[in-house]
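Enquirer: here is my input, please return the structure:
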Amino acid sequence: MARPRLITDEQILRTMRASVLEHGPAVSLDLVAEKLKVTSPALLKRFGTRQTLMIEALKPPEEPTWVQAHREVDGRPLETQLEALFTDIWEFFAEAVPCVMALRESGIASELWQKAVGPGPLRGLAALLKWLELARGRGLIESDDLETAAYTMLGALHMRTITSHITRQSLATRHHRHHLRGLASFFAGALAPRRRVSKPRSVRA
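Expert: Okay, here's the model as predicted:
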């Protein structure tokens, strides 16, 4: 009878991910094993190679975690819904970007880690574009170029995450909320339907 596993694959991946983010992609496998109270050969037996373990621990999900929560558009003001949407996208980027950056810096062949990243970014773009189309269908948006809007939104959120990571400046939560609120206000103002100004009727003499 096989011995039961004392730790799950998810526990190993979570510990590996946390160790890489704390110590860098060159972190010792022995350190990871020590945190899990196992041996490094035990980890390699489970995942085959250190490279495989690192890729599995750091790769983002095939579908961004925010997509499922934002498949519909409701009756709330556009700015309110955009702030909620941007908050979830920001939280996803805050977790995913450091992991992908670590993969880039790990020395793993680019074709391997790029394959691991997979279609997630394109699925995120498609999901945001679909959300904007639904908002336009509800009359919340008036724009013929939603693709540009989607790229610009994701770019603004992604760039702030990368900048924060590279400069190692972890901004306070209130700064993030202020920034996200400002972005939501900006895009709501840019995309909202324009009020039609009726021309005054001419008065006959």
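Enquirer: CA atoms for contacts and neighbours, from now on please.
Expert: OK.
Enquirer: pLDDT at Lys115, what is it?
Expert: pLDDT for Lys115: 89.
Enquirer: where's it relative to Leu31, distance?
Expert: Distance of Lys115 to Leu31, computed by CA to CA, to the nearest Å: 27 Å.
Enquirer: neighbour count winner among those two?
Expert: A count of neighbours by other CA atoms under 10 Å puts Leu31 above the other of Lys115 and Leu31, at 15 against 11.
Enquirer: now the helix or strand containing that one, how far from the centre of its chain.
Expert: Element membership of Leu31, judged by DSSP states H and E, is helix 29-36. Once both centres are worked out by CA atoms, centre = their mean, to the nearest Å, helix 29-36 turns out to sit 28 Å from its chain's centre.
Enquirer: show the average pLDDT along the top helix by length along the chain.
Expert: If you go by DSSP state H, the chain has its longest helix at helix 78-105. Across helix 78-105, the average pLDDT comes to 93.
Enquirer: what helices or strands is whichever helix or strand comes after that helix leaning on?
Expert: Going down the chain from helix 78-105, the next helix or strand is helix 110-117, by DSSP H and E. Helices and strands touching helix 110-117, by 3 or more CA pairs under 8 Å, 6 or more residues apart in numbering; DSSP states H and E, are helix 50-58, helix 78-105.
Enquirer: three-state assignment of Thr161?
Expert: helix (DSSP: H, G, I helix; E, B strand; the rest coil).
Enquirer: the closest residue to it other than its chain neighbours and Glu79, how far apart?
Expert: Leaving aside its sequence neighbours, Thr161 sits nearest to Ala94 (CA to CA, 6 or more residues apart in numbering; 6.0 Å). Separation of Ala94 from Glu79 (CA to CA) stands at 22 Å.
Enquirer: and what of His23?
Expert: For His23, the distance to Glu79 - CA to CA - is 39 Å.
Enquirer: quick one, which of these two is more surrounded?
Expert: Higher neighbour count among His23 and Glu79: Glu79, with 20 against 10, using other CA under 10 Å.
Enquirer: hmm, that one is touching Ser185, no?
Expert: Yes - the pair Glu79 / Ser185 is scored as a contact, 5.7 Å apart, by CA atoms under 8 Å.
Enquirer: low-confidence stretches in the protein?
Expert: Scanning the chain for pLDDT under 70 picks out the ranges 1-5, 169-174, 195-205.
Enquirer: since that was my last question, I'll sign off now.
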